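# after the sequence you'll find the predicted model.
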Amino acid sequence: MIIKNICCIGAGYVGGPTMAVIAKNNPNIKVTIVDINAERIAAWNDSDLSKLPIYEPGLAEIVKDIRGENLFFSTDIDTAINESEMIFISVNTPTKTYGKGKGMAADLKYIELCARNIAKVAVTDKIVVEKSTLPVRTAEAIKSILHNTGNHINFDILSNPEFLAEGTAVEDLLNPDRVLIGGESEVAIESLAKVYGSWVPQEKILRTNLWSSELSKLTANAFLAQRVSSINAISELCEHTGANVNEVSKAIGMDSRIGSKFLKASIGFGGSCFQKDILNLVYIARNYNLNEVADYWEQVIIMNDHQKRRFSDRLIKTLYNTVSGKKIGMLGWAFKKDTNDTRESAAIYVTDHLLSEQATISVYDPKVPEVKIQADLNYLNTRSKNENKENVMSESSPYEAVKNAHAVVIMTEWDEFKNYNWKKIYDTMKKPAFIFDGRNILDKFKMKEIGFEYYSIGQ
Ligand code: NAD
Ligand code: UGA
């Protein structure tokens, strides 16, 4: 099947970059990204590229190059569906906040809405591609909706999970370790393989059955998150034994069976997917009565929550057991560097904990605006919006954020933090001046030489 028009439903962190790279590499395919969020679509269409809704290195350049040529952003979902031979579903699949499976299962209501919409408006055969991360066997439900409510046309369902990481999305998409396509129809699978084949070598395009593809995505995230929780567990032991977690990471990572990536001890993993996908995996395992399997994976989340909590506990204990009325300067709010995404960022939970101990927090993040910081805290519902506003300030200069602070906490590993004038920061802080480096990015000897009381993870 020759693909001339692609529609992608969902203009988010996955839909935007993924489709931009597909369009860039397939100038003969018209790619239209649609969304119900008109504000987001307007931002994607903004002539000022600094206003794109998503910050990703290299993305604005691609959008500038091909927007209006073969890449379009629109709110007219029905027209885009009808014009396309292939439709990607790339909407959010957050953890359910209500009903059965609350706090564990993936909420599939947006997926179902998409399927129903496609079924309602499509009048020619379509290949429907699951790009969102979904519980294993979701394709069955999508197929049932499409075939039972559609206009008696043929729908082929493919699973094509996305493995990009935020902050490196463009690079990951241009040079993927693999592209995974699961499906039943060889014609549909090869149509999608051809789209990727315009820049991805064939040997990296893996074909599987639908269920292996769906489950591989959850499994990949579970394994990655497990590595972070594993090294974070060791970081606590390091703090009690005099071992240094950076040295341990290096020593074990040089074993080619273990590998060096994803062994950075941290304040705990954040982001929109690791926690939600593992919770979903645990939920699925429990549904099949596989309690040992569920308990095994749940421990990754338990360890991650512990890591965030013990970081703020250690800070409070070190600041003479009280942070009440003390200013804490926070550097970084995003869940990792090079993104403006803050979903499940450790900064939110550490701030919440410190606010409960009556600290005031002053935040600087190069890409996260104040309104987002306040929205993240308000979403927790721990205290009133006014209290959050009164006790959490956002500064446009890092030096202002840490001025007169009792402690600086580093939450995100932004490169610029390493190059600040730390002597100048020290001079403006209350003494003793503490640093709690949740990312192990500063030079501990240099910080101690300046006069800081320096604490990091696992050292
Ligand atoms: P997102 O929240 O950034 O974007 C989803 C978009 O879908 C939103 O703009 C929303 O308005 C839109 N949407 C929801 N329902 C819709 C509907 N019925 N019609 C039209 N638009 C609709 O989410 P995201 O981070 O892009 O994640 C999307 C999926 O990809 C999730 O399943 C996620 O697990 C998966 N994923 C995410 C990443 C990542 O790094 N963020 C990586 C790999 C996979
Ligand atoms: C992760 C996966 O890496 C992607 O492959 C996947 O597609 C994506 O989830 C998804 O499904 O959403 P992402 O969450 O964007 O990508 O970013 P990561 O680089 O994986 O970082 C996740 C969290 O782990 C961050 O908070 C990061 O700081 C933390 N981390 C990562 C560590 O603490 N230590 C490490 O060694 C690596």
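Looks like it came in fine. Numbering: from 1, shown residues only. Ligands and ions are numbered 1, 2, ... in the order given.
# any idea how far whichever residue of the stretch 1-150 of the chain sits closest to ligand 2 is from Leu164?
Proximity of the stretch 1-150 of the chain to ligand 2 (Cβ to the nearest ligand atom) peaks at Thr133, 5.6 Å away. Bear in mind the C-beta positions are built from the backbone N, C-alpha and C, glycine included. With the distance defined as Cβ to Cβ, to the nearest Å, Thr133 ends up 12 Å from Leu164.
# more crowded one of the two?
Set side by side, Thr133 and Leu164 show more neighbours around Thr133, with 23 against 18, by other Cβ atoms under 10 Å.
# mind listing what the nearest residue to the more buried one once chain neighbours are set aside touches?
Nearest non-adjacent residue to Thr133, counting by Cβ to Cβ, 6 or more residues apart in numbering: Lys217, 5.2 Å away. By Cβ atoms under 8 Å, 6 or more residues apart in numbering, the contact set of Lys217 is Thr133, Leu134, Pro161, Glu162, Phe163, Leu180, Asp277.
# just the element for Lys217, please.
Using DSSP states H and E, Lys217 sits within helix 210-241.
# how about that helix and ligand 1, touching?
No. Judged by Cβ under 6 Å from any ligand atom, helix 210-241 makes no contact with ligand 1; its nearest approach is 7.3 Å.
# near ligand 2 at all, that helix?
Yes. Using Cβ under 6 Å from any ligand atom, a contact is recorded between helix 210-241 and ligand 2, made by Asn221, Leu224, Val228.
# which non-adjacent residue is nearest the second one?
Put plainly, it is Leu224. Going by Cβ to Cβ, 6+ apart, Leu224 has Phe262 as its nearest residue, at 5.7 Å.
# looking at the residues of helix 210-241 next to ligand 2, which is nearest ligand 1?
Using Cβ to the nearest ligand atom, the residues of helix 210-241 next to ligand 2 come closest to ligand 1 at Asn221, 8.2 Å.
# so in the chain, where's the weakest helix or strand by average pLDDT?
Lowest by mean pLDDT, DSSP states H and E among the helices and strands of the chain is helix 138-149, with a mean of 95.
# next, see if the helix or strand just after that helix gets close to ligand 1.
As assigned by DSSP H and E, the chain's next helix or strand after helix 138-149 is strand 155-159. No. Counting by Cβ under 6 Å from any ligand atom, ligand 1 has no neighbours in strand 155-159; the shortest distance is 11.9 Å.
# pairing partners for strand 155-159, with directions?
When pairs are called by DSSP bridges, strand 155-159 turns out to pair with strand 126-130 (parallel), strand 179-183 (antiparallel).
# run through who's touching that strand.
118-119, 122, 125-130, 134, 139, 142-143, 146-147, 180-185, 187-189, 192, 210, 213-214.
# of those residues, which qualify as buried by neighbour count?
118-119, 122, 126-130, 134, 139, 142-143, 146, 180-183, 188-189, 192, 210, 213-214 (16 or more other Cβ atoms under 10 Å).
# what's the local residue count around Lys102?
11.
# what sits against it?
Shown in contact with Lys102 (Cβ under 8 Å, 6+ apart): Lys96.
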